[in-house]
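> for reference, the sequence and a predicted model appear below.
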Amino acid sequence: MNNIHIYTMELRHLRLIRTVHETGSLSASASRLFLSQSALSHQLKEIENEFRIEVFTRVNKKMVLTPAGERLLITANRIMNELDRNEADLKKLISGENAELRISTHCYTFYHWLSKVLRAYSRDFNGVDVNIITEATYDTVNWLEAGKLDLTIINFDPCSSNLNLYKLFDDELCVVLGAAHPLSGRKMIEPEELIDYTFFTYLTPQYKNITYKEVFESRGLEPAETKRIQITEAILELLKFTNGFTVLSKWAIKPYISRDLRVIKLSRKKICRRWYAATLKYEKTPLYILGFIKALKENYKI
């Protein structure tokens, strides 16, 4: 059986070959690499002994590559240049000069704030490509923990040790009705008064629906009927022609207010929800992510 010997060329060897080629001597290379001349001599011997070759020969007191050394230099340049490019790319990524920011929220249509936030964000992070990952909409925490999102906007505390939460604001929940609804003239409606009407909400299952839990389940209530529809605009259009209702945050309904809809205070005692920006827990959160959170806090108005 043949003996198989595998030698792994280390970066220090490649760096040595390239530096000696550039400086022409071990002493100059030692100064550049912050190593002793004897340490570099030892590294050079490791290469020559391993491959049983001579890497450099002396010509007029200058160290010149042999044919074998030239071949090793090609490898050294290719690998070291790629590492240099990677280092530069990583620095740009960390600073936000050249990065992708993947975001999502808990609703497909709640992005009316985005243009204002992006205008503010781009002043400091113009090189960041911000992408909305709609597929993550109703499972953003799992997507975040799987590394498929960089930031999500949520209205609950997932109690995960893997995440950092940044408070954005507290927002009041409101009842939204069509203008012809029997309760449309009210200034305030208690949850108990809604249970005889159809509750329009999103496609999330009842046990995952945070609004349902906060408004009804916590009080031992259940609406007469619940209809689940994916899109906010579709829900609001249906409210104009039915006796149904929905419950939305003030900031969420703001862009859709019209004379055909009524936005009414829910409960004598406000029912509020806290909104967070959530990210993975980093030892040092990248600046381009922190910058987006800052832009959110300053421009993400109710």
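That came through fine. Just so it is clear, the model here is predicted, and its values are computed rather than measured.

> helices and strands around the helix or strand harbouring Ala76, which ones?
If you go by DSSP states H and E, Ala76 is part of helix 67-95. Under the contact criterion of 3 or more Cβ pairs under 8 Å, 6 or more residues apart in numbering; DSSP states H and E, the helices and strands touching helix 67-95 comprise helix 11-23, helix 287-299. For every residue, glycine as well, the C-beta is placed using N, CA and C.

> tabulate those helices (a markdown table), appending distance to Leu163.
Below are those laid out as a markdown table (distance: least, Cβ to Cβ, whole Å):
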| stretch | distance to Leu163 |
| --- | --- |
| helix 11-23 | 35 |
| helix 287-299 | 12 |
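
> nearest to Thr75 among those would be which one?
Each of those was scored for nearness to Thr75 using Cβ to Cβ, and the closest is helix 11-23 (6.8 Å).

> rewinding a little: in TSV: the helices and strands packed on helix 67-95, plus mean neighbour count and distance to Phe125.
Converted to TSV, the helices and strands packed on helix 67-95 look like this (neighbours: other Cβ atoms under 10 Å; distance: least, Cβ to Cβ, whole Å):
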stretch	mean neighbour count	distance to Phe125
helix 11-23	19	32
helix 287-299	19	5
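
> just to revisit the earlier point, downstream of the helix holding Ala76, the next helix or strand is which one?
Past helix 67-95, the next helix or strand by DSSP H and E is strand 99-105.

> circling back: pipe the helices and strands packed on helix 67-95 into TSV and attach mean pLDDT and distance to Phe156 per row.
Formatted as TSV, those follow (pLDDT from 0 to 100; distance: least, Cβ to Cβ, whole Å):
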stretch	mean pLDDT	distance to Phe156
helix 11-23	92	47
helix 287-299	91	17
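
> in the helix or strand of the chain with the lowest mean pLDDT, what counts as buried?
Confidence across the helices and strands of the chain bottoms out at helix 250-253, with a mean of 79, counting by mean pLDDT, DSSP states H and E. By neighbour count, with 16 or more other Cβ atoms under 10 Å as the criterion, the buried positions of helix 250-253 are Trp251, Ala252, Ile253.

> avg pLDDT for the helix or strand that that helix is followed by?
Sequence-wise, the next helix or strand beyond helix 250-253 is strand 261-266, with elements assigned using DSSP H and E. Regarding strand 261-266, the rounded mean pLDDT is 94.

> other SSEs contacting the next helix or strand along the chain from strand 261-266?
For strand 261-266, the succeeding helix or strand toward the C-terminus, using DSSP H and E, is strand 272-280. Packed against strand 272-280 by the contact rule (3+ Cβ pairs under 8 Å, 6+ apart) you find helix 140-145, strand 151-154, strand 163-178, helix 287-299.
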